[in-house]
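Chemist: Predicted model and sequence follow; I will ask about them next.
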Amino acid sequence: MEEGKMDENEWRYHGEGNKSLVVAHAQRCVVLRFLKFPPNRKKTSEEILQHLQNIVDFGKNVMKEFLGENYVHCGEVVQLPLEFVKQLCLKIQCERPESRCDKDLDTLSGYAMCLPNLTRLQTYRFAEHRPILCVEIKPKCGFIPFSSNVTHEMKHKVCRYCMHQHLKVATGKWKKISKYCPLDLYSGNKQRMHFALKSLLQEAQNNLRIFKNGELIYGCGDARSPVADWRELAHHLKPFFFPSNGLASGPHCTRAVIRELVHVITWVLLSSSDKGRTSALRPGLQGPRVCEASPFSRSFRHQGKNTPEHSGLPKGCLLYKTLQVQMLDLLDIEGLYPLYNRVEQYLEDFPEARKTLQIDGPYDEAFYQKLLDVSTEDDGTVAFALTKVQQYRVAMTAKDCSIMIALSPCLQDASSDQRAIVPSSRSRLAFSVSVLDLDLKPYESIPHQYKLDGKIVSYYSKTVHAKDDAMMSTRFKESEDCTLVLHKV
Ligand SMILES: O=P(O)(O)O[C@@H]1[C@@H](OP(=O)(O)O)[C@H](OP(=O)(O)O)[C@H](O)[C@H](OP(=O)(O)O)[C@H]1OP(=O)(O)O
Ligand SMILES: Nc1ncnc2c1ncn2[C@@H]1O[C@H](COP(=O)(O)OP(=O)(O)OP(=O)(O)O)[C@@H](O)[C@H]1O
């Protein structure tokens with residue numbers, strides 16, 4: 001960043017989550033990512049600098065190792081003129097969704113992260129003047145816990161996302177239950193993946209956003225007012241997928257364009273654009289491959305068929321790598337929580353050990369190496385407990401990250417790397433895949449996770465499952481009645 005030349009008018013509001021806010025440069029393909037805090041929680045500039053540096057180090061030393069060089073963009077910490085940050089904050093305030101305004105942008109430290117703008121990611125494959133489409137997916141947890149520490153039987157059958165949907169709707173976070181199930185997306189089975197992506201397009205919540213030339217065109221700007229007009233979306237997408245033919249407009253065209261989008265995204269998600277070395281993690285797929293609550297598998301069950309299982313994700317693809325990191329949660333929160341308490345107890349006795357245990361960093365090579373020990377034999381030591389706690393934090397990070405897929409038409413005669421071109425039937429699309437929001441989850445969030453897990457499961461069991469049981473017993477009663485009638489006859 002050239003300090004003297006920072007002009008807030010060159011930046012525009014881009015988006016935000018729970019913990020950070022992003023502004024994008026109008027011309028250059030970079031974004032600034034600022035931390036956000038509740039109004040009363042002031043942190044010193046040194047603390048903020050350290051926090052940001054930790055994010056960069058964690059990306060470089062841990063996530064790049066696990067997910068691959070090409071997928072992870074760590075960026076760098078930059079120091080900005082305070083006046084620029086203040087003016088920028090004032091300028092963008094009116095564009096911020098109300099539901100995110102419970103936290104304020106940090107304007108006091110002057111520190112932020114500078115990252116490539118992944119919605120407009122330009123590689124040598126993308127000609128600069130070409131339009132760019134970007135699909136952002138937050139896939140969430142793609143497996144059902146296999147740990148023997150799980151006490152609620154339901155957790156072995158229904159995935160956390162599907163259970164959580166019901167609590168989210170009950171608490172007013174979203175209006176409708178989504179048909180999306182992460183296990184379908186992570187299945188590697190094309191039919192299931194298509195269903196998952198279509199479900200995301202129907203009910204995007206905060207799991208899907210689409211950008212065209214860096215502008216949000218579909219999905220949530222404000223968490224509570226999603227836009228879901230497929231016709232309008234198809235209008236934006238048509239030039240990407242049907243560049244030269246005059247597909248008539250109307251529902252047929254809309255369906256054809258959406259289908260093409262779903263196929264292209266599936267293809268890209270299954271591709272392995274990372275040529276780096278394979279990840280050091282090999283936990284192997286365990287646990288059920290199908291979530292009982294997924295409408296896709298339900299419909300198969302109703303037809304008396306088995307859900308098509310894992311066709312298997314190709315090992316180099318980002319979904320596979322992300323799932324492997326998620327699976328570092330080997331014990332489930334129920335098995336992890338007592339280990340967290342063991343570490344807590346130790347820290348109460350030896351508070352100065354927090355530093356040597358690397359709870360707040362540094363997230364260096366040594367931190368990474370310890371994560372590779374996936375044994376689950378508890379020898380009763382603090383060292384064992386700590387390793388599981390750190391692995392859990394990393395797994396939770398992978399369960400909450402987002403995948404960015406950028407697509408851009410390329411010239412027919414471009415002799416670029418064929419592996420980075422989607423062999424779409426009607427157009428040649430160059431693509432790139434990246435991952436974002438790789439901030440290590442805080443150690444302090446573990447008690448919250450434990451409570452939330454209990455809440456999600458008990459709400460689901462009490463309401464939804466009870467309703468299902470009631471429906472089943474009505475059906476059973478009906479069939480009994482039916483038998484009685486038959487007897488009478
Ligand atoms: O717990 P979950 O699964 O609801 O995930 C939270 C996300 O909610 P989601 O369910 O994706 O709508 C939540 O997303 P939203 O704020 O709801 O968009 C955050 O990503 C949160 O992470 P953090 O506390 O900001 O680090 C996420 O919390 P973590 O559990 O990842 O810490
Ligand atoms: N490098 C980037 N390029 C383009 N867009 C980005 C980039 N980083 C973040 N964004 C956009 O900003 C949004 C918020 O960023 P991010 O997910 O990092 O926020 P967060 O507050 O950390 O999220 P969470 O709510 O999960 O804690 C993203 O959903 C994405 O749309």
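Modeler: Yep, it's here. Remember, it's a predicted structure, so these values are computed and weren't measured experimentally. Residues are numbered from 1 along each chain as shown. Ligands and ions are numbered 1, 2, ... in the order given.
Chemist: With just CA atoms, put the one helix or strand residue 396 maps to into PDB.
Modeler: Assessed by DSSP states H and E, residue 396 sits inside helix 382-399. Once non-C-alpha atoms are left out, helix 382-399 reads as follows in PDB (Å, rounded to 0.1, in the frame of the first residue of the first chain):
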ATOM      1  CA  VAL A 382      -1.900 -32.400  28.900                       C
ATOM      2  CA  ALA A 383       0.200 -32.900  25.700                       C
ATOM      3  CA  PHE A 384      -2.400 -35.300  24.300                       C
ATOM      4  CA  ALA A 385      -5.300 -33.000  25.300                       C
ATOM      5  CA  LEU A 386      -3.600 -30.000  23.800                       C
ATOM      6  CA  THR A 387      -3.000 -31.700  20.500                       C
ATOM      7  CA  LYS A 388      -6.700 -32.700  20.200                       C
ATOM      8  CA  VAL A 389      -7.800 -29.200  21.100                       C
ATOM      9  CA  GLN A 390      -5.600 -27.600  18.500                       C
ATOM     10  CA  GLN A 391      -6.700 -30.200  15.900                       C
ATOM     11  CA  TYR A 392     -10.300 -29.400  16.800                       C
ATOM     12  CA  ARG A 393      -9.700 -25.700  16.200                       C
ATOM     13  CA  VAL A 394      -8.200 -26.400  12.800                       C
ATOM     14  CA  ALA A 395     -11.000 -28.700  11.900                       C
ATOM     15  CA  MET A 396     -13.600 -26.100  12.900                       C
ATOM     16  CA  THR A 397     -11.800 -23.600  10.700                       C
ATOM     17  CA  ALA A 398     -12.200 -25.900   7.700                       C
ATOM     18  CA  LYS A 399     -15.800 -26.400   8.600                       C
END
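Chemist: List the buried residues for it?
Modeler: Within helix 382-399, the residues that count as buried by 16 or more other CB atoms under 10 Å are 382, 384-399. C-betas here are computed from N, CA, C, even on glycine.
Chemist: Likewise for stretch 166-179?
Modeler: In terms of neighbour count (16+ other CB under 10 Å), stretch 166-179 has its buried residues at 166-168, 174, 178-179.
Chemist: ok, the residue of the chain found nearest ligand 2 to residue 402 distance?
Modeler: Evaluated by CB to the nearest ligand atom, the chain has residue 17 as its residue closest to ligand 2, separated by 2.2 Å. Using CB to CB, to the nearest Å, one gets 9 Å for the distance from residue 17 to residue 402.
Chemist: residues shared between the contacts of those two?
Modeler: By the contact definition CB atoms under 8 Å, 6 or more residues apart in numbering, residue 17 and residue 402 are jointly contacted by residue 437.
Chemist: residues contacting the residue nearest the centre of the chain?
Modeler: The centroid of the chain falls nearest to residue 138 when counting by CA atoms, centre = their mean (2.7 Å). Contact partners of residue 138, counting by CB under 8 Å, 6+ apart, are 206-208, 400-403.
Chemist: who touches the closest residue to the residue of the chain closest to ligand 2 other than its chain neighbours in this structure?
Modeler: Nearest residue to residue 17 in three dimensions, chain neighbours excluded: residue 437, at 6.8 Å (CB to CB, 6 or more residues apart in numbering). Contact criterion CB under 8 Å, 6+ apart gives 17, 400-402 as the residues in contact with residue 437.
Chemist: any chance of the residues you listed in JSON lines, with secondary structure and distance to residue 5 too?
Modeler: Shown next, in JSON lines, are the contacts of residue 437 (DSSP: H, G, I helix; E, B strand; the rest coil; distance: CB to CB, whole Å):
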{"residue": "17", "secondary structure": "coil", "distance to residue 5": "28"}
{"residue": "400", "secondary structure": "coil", "distance to residue 5": "35"}
{"residue": "401", "secondary structure": "coil", "distance to residue 5": "33"}
{"residue": "402", "secondary structure": "strand", "distance to residue 5": "31"}
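Chemist: Quick one: buried ones out of those residues?
Modeler: The neighbour count (16+ other CB under 10 Å) marks 17, 400-402 as buried among the contacts of residue 437.
Chemist: check whether the helix holding residue 396 contacts ligand 2.
Modeler: No. Using CB under 6 Å from any ligand atom, helix 382-399 stays clear of ligand 2, coming no nearer than 9.7 Å.
Chemist: Are that helix and ligand 1 in contact anywhere?
Modeler: Yes. Under the criterion of CB under 6 Å from any ligand atom, ligand 1 is reached by helix 382-399 at residue 396.
Chemist: what's that helix in contact with?
Modeler: Counting by CB under 8 Å, 6+ apart, 62-63, 66, 140-141, 322, 325-331, 333, 336, 339-340, 342-343, 346, 357-358, 367, 370-371, 373-374, 378, 438-443, 445-446, 449 sit against helix 382-399.
Chemist: do stretch 213-222 as well
Modeler: Stretch 213-222 has contacts (CB under 8 Å, 6+ apart) with 14-15, 24, 97-100, 117, 119-120, 131-132, 134, 136, 201, 204-206, 208-211, 226-228, 232-233, 236.
Chemist: Which members of those residues occur in helices, if any?
Modeler: 201, 232-233, 236 (DSSP state H).
Chemist: Same list (those residues) but as a markdown table, adding distance to residue 291 and neighbour count.
Modeler: What follows is the ones in helices among the contacts of stretch 213-222, written out as a markdown table (distance: CB to CB, whole Å; neighbours: other CB atoms under 10 Å):
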| residue | distance to residue 291 | neighbour count |
| --- | --- | --- |
| 201 | 19 | 21 |
| 232 | 31 | 13 |
| 233 | 27 | 21 |
| 236 | 32 | 16 |
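Chemist: Would you mind putting the residues you listed into TSV with pLDDT and distance to residue 423 alongside?
Modeler: TSV is the format used below for the ones in helices among the contacts of stretch 213-222 (pLDDT from 0 to 100; distance: CB to CB, whole Å):
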residue	pLDDT	distance to residue 423
201	97	22
232	91	28
233	93	23
236	92	22
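Chemist: Many thanks, I have nothing further to ask.
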